[in-house]
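Visitor: Following is a predicted model, sequence given first.
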Amino acid sequence: MKIFKLILLSFILITPVKANTIYNLIKIPNLEIYELKTPNNLKYFYAEKPFQLGIQKNISCTNSSKQTYDEKYKIISNNLNRYSKQFLKKINLKYIVMCENLSISGINTAGIPDHLMKTLIIDLSFNEKYFERVIHHELFHVINDGFKDLFNEDEWKSFNNKNFEYADCSTCSKKLGLDTYQNTNGFFTEYSKTIPSEDMAEVFSHLIINRYKITNDNVLNKKVEFIKNKLKKIDVTFEF
Amino acid sequence: MIKKINATLSEKITLIFLLALAIFALSFTVIIKNKCLFIKDFNPQKINFDKPKNIVVLNVECGNVIIELYPEVSPKAVERFTTLIKSNSYDDVAFHRVIKDKLIQAGDLEFGKKNKINYGKIGTGKSGLGTINSEIDAEFDYRKGSVGLARTLKYNTEDSQFFIILDDEPLFEGEYTPIGKVIYGIKILKKIKYSRRSEFVLRPDFINTIRMYRIN
């Protein structure tokens, strides 16, 4: 048994160190380059093999087929190309990771933003009905993480009716519906009612894909103005 | 009386084979010990440079590496690099991070000096001049031989450490501040000592000198 262990140990020790630039940059293993030359300098990667992240490896995602990568890349890049190089630099987003079945602690999620590592992981298998809007929703979280002071949650909460309360966290609630309400009543979707940052992300994503029409919903109008004003503060040239 | 016995043909062949093997082993040992044997050295005085003021000569065990600096791309970073060169600060500093055929990194002036190397802290040392801002807005093609300033995970933390890439690294554009490119002697850098197990090298190779080019 000892000999077996020694052989195993020596095998591990003589395994050469392999330089992986992508891993060194964003600390996600098993990625390959999909596209580097893009109009706004976003760099796209894809999962070649499944990967796990985090100290407890609680974030996981699997690889996909070439066909899916090709199809979804077109959709994702079409949506993200509306953001300028300068804006993306300000919000610190540079790398897009494409993979399937993305989950955190076993809970499926559409995307995981990492403001510090300038990365947004996108789940290609997320519900197609909402796929495009969700890209902008997740991008908003990158913005929010970089400008926490700007997107003041107390101010945001004050827009709602006094008897409304958000949940303690986005997954603490059963309000997960992403269909846009016909009668908004202060919120675009059921998921908006989870926590303020998700509410803001829903407003942002609806504005980006032009799902917002001026109504007499005063609460929603205030939220829309709030998001528009804050985005102008980040980048005066930003247009919805 | 001792009777003379002639060697048979097979014995003669075996003897010749053993002698040849001994000569081969001896010469092979000499060659292996001299890692610089087939590496071409460059004498900067025999080269005509378009911009001699931007030329730097990095001298290491196997010879001279000629680097052209790009002050028009990264003025502040090049200024920092040349300031440290002119004060001879890089002399006897370790190539502490080496990835075979990928990258070499040196320039830790605090913990990487030959006589007071600190393996526990190497790579985290400072120059004493403070950090400078990243200059990453200009387009720069990080091709083999490109030289850049190293930083921590955060931007605007460049100081004295620099790296030279031994392979194309397109993802470095917009990440790291470029300062120049090796124009002669990239093979010399491939002989810098590396470890198979780690990016950080125990008993590393050292920079002999880095000097600004001067016409004699």
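Guide: Alright, I've got the coordinates.

Visitor: hey, let's count contacts and neighbours off CA atoms from now on
Guide: Noted.

Visitor: quick one: pLDDT of the residue nearest to residue B:137 when sequence neighbours are not counted?
Guide: Among residues not flanking residue B:137 along the chain, residue B:174 sits closest, at 6.4 Å (Cα to Cα, 6 or more residues apart in numbering or on different chains). The model reports residue B:174 with a pLDDT of 90.

Visitor: contacting residues for residue B:174?
Guide: In this structure, residue B:174 makes contact with B:136, B:137, B:138, B:139, B:140, judged by Cα atoms under 8 Å, 6 or more residues apart in numbering or on different chains.

Visitor: are any of those buried, and which?
Guide: Buried by 16 or more other Cα atoms under 10 Å in any protein chain shown: B:136, B:140, out of those.

Visitor: could the contacts of residue B:174 be laid out in CSV, adding secondary structure?
Guide: CSV is the format used below for the contacts of residue B:174 (DSSP: H, G, I helix; E, B strand; the rest coil):
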residue, secondary structure
B:136, coil
B:137, coil
B:138, coil
B:139, coil
B:140, coil
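
Visitor: Would you map the strands across chain B?
Guide: Listed in chain order, the strands of chain B (DSSP state E) span B:55-60, B:63-69, B:97-99, B:103-106, B:146-149, B:162-165, B:177-184, B:209-212.

Visitor: Could you do chain A as well?
Guide: A:31-35, A:43-47, A:51-53, A:59-62, A:95-104, A:107-108, A:111-114, A:119-123.

Visitor: right, and these - which one's nearest chain B?
Guide: Each of those has some distance to chain B by Cα to the nearest Cα; the shortest is strand A:43-47, at 8.3 Å.

Visitor: Who are the packing partners of the closest one?
Guide: strand A:31-35, strand A:95-104 (3 or more Cα pairs under 8 Å, 6 or more residues apart in numbering or on different chains; DSSP states H and E).

Visitor: where's the shortest one relative to the chain centroid, distance-wise?
Guide: Okay, so that is strand A:31-35. Here strand A:31-35 shows a centroid-to-chain-centroid distance of 18 Å under the convention Cα atoms, centre = their mean, to the nearest Å.

Visitor: helices or strands next to that strand in the packing?
Guide: Where contact means 3+ Cα pairs under 8 Å, 6+ apart, strand A:31-35 is packed against helix A:21-26, strand A:43-47.

Visitor: pLDDT weak spots in the chain?
Guide: Since no chain was named, I'll use chain A. Low-confidence segments of chain A (pLDDT under 70): A:1-19, A:170-175, A:211.

Visitor: That was the other one, I meant chain B.
Guide: Along chain B, the parts satisfying pLDDT under 70 run over B:1, B:31-32.

Visitor: Pick out the residue of it closest to chain A.
Guide: Nearest to chain A in chain B, going by Cα to the nearest Cα, is residue B:196, at a distance of 4.6 Å.

Visitor: separation between that residue and residue B:60?
Guide: Residue B:196 sits 21 Å away from residue B:60, going by Cα to Cα, to the nearest Å.

Visitor: between the two, which one's more packed in?
Guide: It is residue B:60, of residue B:196 and residue B:60, that has more neighbours when counted by other Cα atoms under 10 Å in any protein chain shown, with 20 against 16.

Visitor: tell me how far stretch A:206-216 is from the chain's mean position?
Guide: Relative to its chain's centre, stretch A:206-216 lies at 21 Å (Cα atoms, centre = their mean).

Visitor: For it, C-alpha coordinates in CSV please.
Guide: C-alpha atoms of stretch A:206-216 as CSV (Å, rounded to 0.1, in the frame of the first residue of the first chain):
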residue,chain,number,x,y,z
HIS,A,206,-37.4,45.7,-19.1
LEU,A,207,-36.2,49.1,-20.1
ILE,A,208,-33.4,47.7,-22.2
ILE,A,209,-35.6,45.4,-24.2
ASN,A,210,-38.3,48.2,-24.6
ARG,A,211,-41.0,46.5,-22.6
TYR,A,212,-41.8,49.6,-20.7
LYS,A,213,-44.6,51.9,-21.7
ILE,A,214,-45.4,55.0,-19.7
THR,A,215,-48.5,54.2,-17.6
ASN,A,216,-50.1,55.8,-14.6
